[in-house]
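**Student:** Next input, structure requested:
(chains A, B, C and D)
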2 protein chains.
Amino acid sequence: MIIKVKLVSVLNEAYDALNDLLVKLFNNILTYEEKALITDDFKDISLNDMHVIEVIGLSQKKNMSSIAKSLEVTVGTLTIAINNLVKKGYVKRMRSVKDRRVVLVSLTEKGMHAYKHHEVFHDEMIKAIMKRLEGEQLDVLVKALKSVQEFFGSNKQV
Amino acid sequence: MIIKVKLVSVLNEAYDALNDLLVKLFNNILTYEEKALITDDFKDISLNDMHVIEVIGLSQKKNMSSIAKSLEVTVGTLTIAINNLVKKGYVKRMRSVKDRRVVLVSLTEKGMHAYKHHEVFHDEMIKAIMKRLEGEQLDVLVKALKSVQEFFGSNKQV
DNA sequence: TCGATATACTTTGATTATCAAAGTAAAGTT
DNA sequence: AACTTTACTTTGATAATCAAAGTATATCGA
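**Tutor:** The predicted structure is shown next:
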């Protein structure tokens, strides 16, 4: 009897802890990310702008449709976001020569700097986690997160 | 707009795995939550509305300032959100008798139902996570999340 | 090859969330 | 009683978003 009660309370603790942590984590990541953006160099980009920049990436040019798909917004919405980023000098637009309907988008020098700046935020976060976990714990965490991930993966069409 | 980030730097496998998992987890929770909201009963509330309802809660009445603070928005913004929720029948407004400047907000029956509905989502999510983790794994996950939490906590004023 | 259809994008009109600043009403202070 | 502070609402402006209409180019079928 006592054992049962104890087990339940241990589980409850984990339950509460998880619930609490997930909710807080969520908000904190958002606000932290927001704040990490506001620097002297890039004071004119929003978090939203930054995510567009991330998706465009450093490598090749991307067309509007594929970027919109990655961001899960309509192409119309993206057009407006890109207009903005072009105006601010972070992004270049080009017509494809092969198919003149297609608009190819890429980062300017300034855009690439912003991209790299934002990268630091993620880097610090991951390093902070890793620093606090030792050896096997890290493996266990990765496994745990993977199984959580599977849960969401299997429920995507809900 | 969905948040998507890719890191180029390759420190080691755990680093990449963590980065990938955290980013995915973040997006998945968001979309899952969004979808869990859309039901026959509550088709007129946004995720945003839901968060307001969540903060108001089931217990006592809350004044505008404290709700706005919890949500980290201005009171003006909240006024508009509350107008909306009152119009839709989820929330009641009342003047405080003690201090007639103060507006006290609480959930209607309908609002409480919405609150409970959303609670079930959280419950299912946490239970699903716990079901997939065994003994030590759960522990490690909680510890890891706590340390991430600490990282953000200690960087709040950045 | 021409006309119809499809594709890639932009524009438009509407809605929602947001803020800062101005406005209103009540409470507190001197 | 006059001034200040507090609690909230309103206003004006901006950003993100979508659906639907519009434009230009490409492709396909007869």
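**Student:** Show me how the record splits chain A into domains.
**Tutor:** Following automatic domain parsing, one finds the domains of chain A at A:1-37, A:38-154.
**Student:** Can you check which of the ones you listed gets nearest to residue B:54?
**Tutor:** Closest to residue B:54 of the domains of chain A, according to C-beta to C-beta: domain A:1-37, at 9.3 Å. Using the backbone N, CA and C atoms, a C-beta is placed for each residue, glycine as well.
**Student:** contacting residues around residue A:79?
**Tutor:** residue A:64 (C-beta atoms under 8 Å, 6 or more residues apart in numbering or on different chains).
**Student:** Residue A:93 too?
**Tutor:** So residue A:93 contacts A:82, A:86, A:103, A:104, A:105 (C-beta under 8 Å, 6+ apart).
**Student:** hmm, try it at 6 Å
**Tutor:** Listed by C-beta atoms under 6 Å, 6 or more residues apart in numbering or on different chains, the contact partners of residue A:93 are A:86, A:103, A:105.
**Student:** what pairs with it across the strands?
**Tutor:** Beta-bridge pairing for residue A:93 (DSSP bridges): residue A:105.
**Student:** before we move on, back to that, what's the least confident stretch among the domains of chain A?
**Tutor:** Lowest mean pLDDT within those: domain A:1-37, a mean of 64.
**Student:** related to what we said a few turns ago, return the most buried member of the domains of chain A.
**Tutor:** Across the domains of chain A, averaging neighbours per residue (mean count of other C-beta atoms under 10 Å in any protein chain shown) puts domain A:38-154 on top, at a mean of 16.
**Student:** Distance of whichever residue of chain A sits closest to DNA strand C relative to residue A:107?
**Tutor:** The nearest approach of chain A to DNA strand C comes at residue A:76, 2.7 Å away (C-beta to the nearest atom of the strand). Distance from residue A:76 to residue A:107, counting by C-beta to C-beta, to the nearest Å: 22 Å.
**Student:** in what helix or strand does the most centrally placed residue in chain A lie?
**Tutor:** The residue lying closest to the centre of chain A (C-alpha atoms, centre = their mean) is residue A:51, at 7.2 Å. Using DSSP states H and E, residue A:51 sits within helix A:47-56.
**Student:** And residue A:142, by the same measure?
**Tutor:** Element membership for residue A:142 (DSSP H and E) is helix A:136-154.
**Student:** which bits of chain A sit near DNA strand D?
**Tutor:** Neighbours of DNA strand D within chain A, by C-beta under 7 Å from any atom of the strand: A:46, A:48-49, A:72-74, A:76-77, A:80-81, A:84, A:98-101.
**Student:** Restricted to helices, list these.
**Tutor:** Taking DSSP state H, the ones among the residues of chain A next to DNA strand D that sit in helices are A:48, A:49, A:76, A:77, A:80, A:81, A:84.
**Student:** need the contact list for the second one.
**Tutor:** Spelled out, that is residue A:49. residue A:85.
**Student:** Mind doing that once more with 10 Å?
**Tutor:** Going by C-beta atoms under 10 Å, 6 or more residues apart in numbering or on different chains, residue A:49 touches A:37, A:42, A:81, A:82, A:84, A:85, A:88, A:90, A:91, A:111, A:114.
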